[in-house]
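J.: okay, structure incoming, though there's no sequence with it:
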Ligand SMILES: Nc1ncnc2c1ncn2[C@@H]1O[C@H](COP(=O)(O)OP(=O)(O)OP(=O)(O)O)[C@@H](O)[C@H]1O
């Protein structure tokens, strides 16, 4: 057995081998040690290898899914090795034969299909990147839904598209340039390396044609060689991991990245589109806008938010869908109720396609079809916009499959096909009969008994059972003669005569007996055959069912966006191909949500106006105090552009957005020490990308660039960057800074305007109004904000006097270095500290004062104490 184990293990050096032994998957050697630690299970020993103990651990087969999930999450891959025959079959080949085993599947993060291993509301993508003679492409699939796409793109965009897809596994060729690993590192995936042959575009084309049964790849569209190479690598990997049992893939579709709004990885992270900075979904824009009620709807919404469009027609069609749902308010509510009952048909379909499904997956398809009919009927008379009209068309026309499944399945089927009990009564006469026999064996016999008693005219006739004869008919010897002569002897066959009884059988009874004995097994066999047949019927219809699922998701997203728009008071933006960027009373959905939850102050809405004209200011320079809401304002406008281009309504009173092609942001500070980049370096790398890539369709938000270095270096970099963006890149954008010197640029450059976030100063404290107005701020109130944050008083007052001197020096044009020299060293600190100490501990004079009870004093004593106090005060 160990020889067999080692031979199989040798083929899967990078994976843990789950070696099936009866009811357990066992792991040995290093695999056992790694798994025992990762799963927190006991590590034991079994036998010896080369004289040493063999470490071993195991997981029960019935609970394997949970363990698999943990291992996959911890970054392992698992090869599942099953017994390919029973021990009895193995024995037939000789008493010492080892049961045949083989790996049936390699479980990796990108190839999961089990419900428990997947997040229902998120896609799970497997991607491949290829590079053929300098041309780049990404292919990706979600085998749990069958989606399969390829896109050609410039190398510089590979990172941002991977960030959009956030694949859980990325395939790259062994020959891929080493430096490429950093791109993957940035989006947090470890690559899976495949041999060069997997990426060969000629064999890829052949592989694709075989999988989809077509003669030429032209059948799917005009794919580039590099796209074919990436698609082929995906298929090759699926063949390796699924052991030839390919999932139900949809024919590959070409995606045109130029029709998508480009958002790079850093910007996605900064804007917290689908994940918050902390990594989870909570706190992201998606979590705040998601009102979908189906898993497929949630996935579609996530796709839309991750890849907003830059195609006007697409945007308008989606907007029309939402507008329809907003107006048809009652109908929308009824649609939502119907949608809530729609199961996850995509994932059911994919499990059935891989033969890993169960009766509940059949039921999921049945229920979806039922709900689809109901939804189609609900909207039948409605004047649907084009997108939903097409969606409705995909919901109907499945009557045959629908009635087949309706008739075939019970209402609530069990999980596993092997237990039977999911085929409905009346669907198959033979199945009904065997089930009756199985369940009511005795009842059937009793009925037969009275039938025979009547036929023979012997009321005492009985049907009995013993282990020797099985079922038999028994009468008293009295009726022997009658029973054994014609015509009864034609039916009753004599078996035995005892002292008082005669025993018979009939052809029917012995058939019945065999049937009763086999009924249980037979019922399951019949059900299994039906399962296979129904599964095939469904998988044959997979393309239409996928369309149906997408159509339901389309209705889900439209009604969910409408619900959000109504409850949050969002509006439909005007999106066209101008360069306008006009937002009236815009809000930041996530900050607004958080403020509301905290029950505190309301969110203050703000306008944003960037000039659409070539000679007008398209860049706004935002100055204002710390904590005033600059970052919030910057982000909210980027989010509004993204929401508008995903075809949604937006959190504002009105808006006019001219198509944005790219969104770039440089927000917040974070260092990446693991990759050897300091805070400032990260900032500059991101700024470089913006300056090199952005064009006049870009929307750029830059928050305090240059702050990670010395003041004058930072100011110079920020200054030059703003000039370049305004004059060369000609982007629309918002630029927040604390370098107030930069506000002078607005007078020099026609492309730049000044705006500020207002505050009120009251009794030395700042009150944040969070209102953005035209104009420039002259101070940052940093010291006041620091005071709010609880910096020690001594530090605050020292900072105040340093600030005063610096400002005075600036007015008098004294160099800062001289100023610092002139500052009384520590004097302020010592003074303040002294004062604070005095305040903190009562002085001797104070102590003495407290002891005095004036009513008890004579005038003379009072005078005496006065002298005493004076002395104490003098020290
Ligand atoms: N428009 C608004 N209405 C109400 N509260 C707001 C608004 N904008 C921001 N806030 C609140 O103010 C806090 C600080 O905002 P933000 O981080 O945008 O300030 P900032 O000006 O960028 O500060 P800094 O310059 O220190 O980075 C937010 O967390 C939010 O609670």
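T.: That came through, no problem. Predicted model, so just to flag it, every value in this text is computed and none were measured. Numbers count the residues shown, from 1 in each chain.

J.: for the stretch 601-750 of the chain, which residues are neighbours of the ligand?
T.: 601, 603-604, 626-632 (CB under 6 Å from any ligand atom). Bear in mind the C-beta positions are built from the backbone N, C-alpha and C, glycine included.

J.: out of these, what pair is the most spread apart?
T.: 603 and 626 (18.7 Å; CB to CB).

J.: low-confidence regions, the stretch 551-700 of the chain specifically.
T.: Under the criterion pLDDT under 70, the flagged ranges of the stretch 551-700 of the chain are 668-677.

J.: quick check, the residue in it closest to the ligand?
T.: When distances are taken as CB to the nearest ligand atom, the stretch 551-700 of the chain reaches nearest to the ligand at residue 629, 2.7 Å away.

J.: number of residues surrounding that residue?
T.: When neighbours are defined as other CB atoms under 10 Å, residue 629 has 25 of them.

J.: checking the residue lying closest to it once chain neighbours are set aside next. Helix, strand or coil?
T.: When the adjacent residues along the chain are set aside, residue 629 lies closest to residue 770, with 4.3 Å between them (CB to CB, 6 or more residues apart in numbering). Three-state secondary structure (criterion: DSSP: H, G, I helix; E, B strand; the rest coil) places residue 770 in strand.

J.: ok, now residue 702?
T.: Taken by three-state DSSP, the conformation at residue 702 corresponds to strand.

J.: which residues does it bridge with?
T.: On the basis of DSSP bridges, residue 702 is bridged to residue 666, residue 735.

J.: could you pull up phi and psi at the most far-flung residue of the chain relative to its centre?
T.: Among residues of the chain, the one most distant from the C-alpha centroid is residue 860; the distance is 86.7 Å, by CA atoms, centre = their mean. Recorded main-chain torsions at residue 860 are phi -70, psi -50, according to degrees, to the nearest 10.

J.: list the contacts of the residue at minimal distance from the centre of the chain.
T.: Nearest to the mean C-alpha position of the chain, counting by CA atoms, centre = their mean, stands residue 122 at 3.1 Å. By CB atoms under 8 Å, 6 or more residues apart in numbering, the contact set of residue 122 is 298-299, 302.

J.: SS state for it?
T.: Using three-state DSSP as the criterion, the local structure at residue 122 reads coil.

J.: tell me how far it lies from residue 78.
T.: The gap separating residue 122 from residue 78 is 21 Å, by CB to CB, to the nearest Å.

J.: residue 614 now?
T.: Residue 614 sits 59 Å away from residue 78, going by CB to CB.

J.: those two: which has the busier surroundings?
T.: Between residue 614 and residue 78, counted using other CB under 10 Å, the more crowded position is residue 78 (24 against 11).

J.: count residues in the vicinity of the residue lying closest to that one once chain neighbours are set aside, would you?
T.: With CB to CB, 6+ apart as the measure, residue 107 is the residue that lies nearest to residue 78, at 4.4 Å, once sequence neighbours are left out. Here the number of neighbours of residue 107 (other CB under 10 Å) works out to 25.

J.: number the chain from 469, please
T.: With the count now opening at 469, the last piece we talked about shows up as residue 575.

J.: who wins for most neighbours among the contacts of residue 590?
T.: For the contacts of residue 590, the largest neighbour count, defined by other CB under 10 Å, is 28 neighbours, found at residue 767.

J.: contact partners for the closest residue to that one other than its chain neighbours?
T.: Closest residue in space to residue 767, ignoring its immediate chain neighbours: residue 591 at 5.4 Å, by CB to CB, 6+ apart. With contacts defined as CB under 8 Å, 6+ apart, the neighbours of residue 591 are 610, 613, 615, 633, 767, 770-771.

J.: quick revisit: do you know how far the residue farthest from the centre of the chain is from the ligand?
T.: Distance, residue 1328 to the ligand, using CB to the nearest ligand atom, to the nearest Å: 64 Å.

J.: what sits against that residue?
T.: Going by CB under 8 Å, 6+ apart, the list of residues near residue 1328 is empty.

J.: tell me the pLDDT at the residue nearest to residue 1097?
T.: As summarised for this prediction, residue 1238 has a pLDDT of 87.

J.: can you give me phi and psi for the residue nearest to residue 892 when sequence neighbours are not counted?
T.: Distance criterion CB to CB, 6+ apart; nearest residue to residue 892, sequence neighbours excluded, is residue 878 at 4.9 Å. The phi and psi torsions at residue 878 (degrees, to the nearest 10) take the values phi -80, psi 170.

J.: my guess is residue 878 meets residue 890, correct?
T.: Yes - with contact defined as CB atoms under 8 Å, residue 878 counts as touching residue 890 (5.7 Å).

J.: more neighbours: which of the two?
T.: Between residue 878 and residue 890, counting by other CB under 10 Å, residue 890 is the more crowded of the two (23 against 14).

J.: ok, that one touching residue 830?
T.: Yes - using CB under 8 Å, residue 890 and residue 830 qualify as a contacting pair, with a distance of 7.3 Å.

J.: which residues of this protein lie near the ligand?
T.: The chain comes close to the ligand at residues 1059, 1063, 1069, 1071-1072, 1094-1100, 1238, as judged by CB under 6 Å from any ligand atom.

J.: any idea how far residue 780 is from residue 604?
T.: Taken as CB to CB, the span from residue 604 to residue 780 is 27 Å.

J.: more neighbours: the two, which one.
T.: residue 604 (21 against 13).

J.: before we move on, what SS does the more buried one have?
T.: Three-state assignment for residue 604 (three-state DSSP): strand.

J.: tell me what the strand or helix carrying residue 1192 is packed against?
T.: Residue 1192 belongs to helix 1179-1192 when elements are defined using DSSP states H and E. If contacts are counted by 3 or more CB pairs under 8 Å, 6 or more residues apart in numbering; DSSP states H and E, helix 1179-1192 sits against helix 1147-1161, helix 1213-1216.

J.: next, count neighbours for the closest residue to residue 582 other than its chain neighbours.
T.: In space, residue 582 comes closest to residue 533 once its chain neighbours are excluded; the distance is 5.7 Å by CB to CB, 6+ apart. Summarising burial for residue 533: neighbours were counted as other CB under 10 Å, giving 14.

J.: tell me, how many neighbours does residue 1333 end up with?
T.: Summarising burial for residue 1333: neighbours were counted as other CB under 10 Å, giving 16.

J.: wait, residue 1088 sits on residue 1219?
T.: No - Residue 1088 sits out of contact with residue 1219 when judged by CB under 8 Å, with a separation of 10.1 Å.

J.: near residue 1280, how many other residues are there?
T.: When neighbours are counted by other CB under 10 Å, residue 1280 registers 8.

J.: same thing with residue 528?
T.: By other CB under 10 Å, 11 other residues sit near residue 528.

J.: from residue 1265, how far off is it?
T.: Distance, residue 528 to residue 1265, by CB to CB: 68 Å.

J.: lowest confidence element among the helices and strands of the chain?
T.: Of all the helices and strands that make up the chain, helix 1295-1308 has the lowest average by mean pLDDT, DSSP states H and E, namely a mean of 46.

J.: can you give me the buried ones in the following helix or strand past that helix?
T.: Read in the C-terminal direction, the helix or strand following helix 1295-1308 is helix 1312-1319, with elements assigned using DSSP H and E. Residues of helix 1312-1319 classed as buried: 1313, 1316 (neighbour count, 16 or more other CB atoms under 10 Å).

J.: for helix 1312-1319, the averaged confidence score.
T.: pLDDT averaged over helix 1312-1319 equals 85, rounded to a whole number.

J.: neighbouring contacts of it?
T.: Around helix 1312-1319, the neighbours that count as contacts under CB under 8 Å, 6+ apart are 1310, 1333, 1336-1337, 1340-1341.

J.: closest to residue 485 out of the residues you listed?
T.: Using CB to CB, residue 1310 comes nearest to residue 485 of the contacts of helix 1312-1319, at 76.3 Å.

J.: just give me the neighbour total for the closest one.
T.: If you count neighbours by other CB under 10 Å, residue 1310 ends up with 12.
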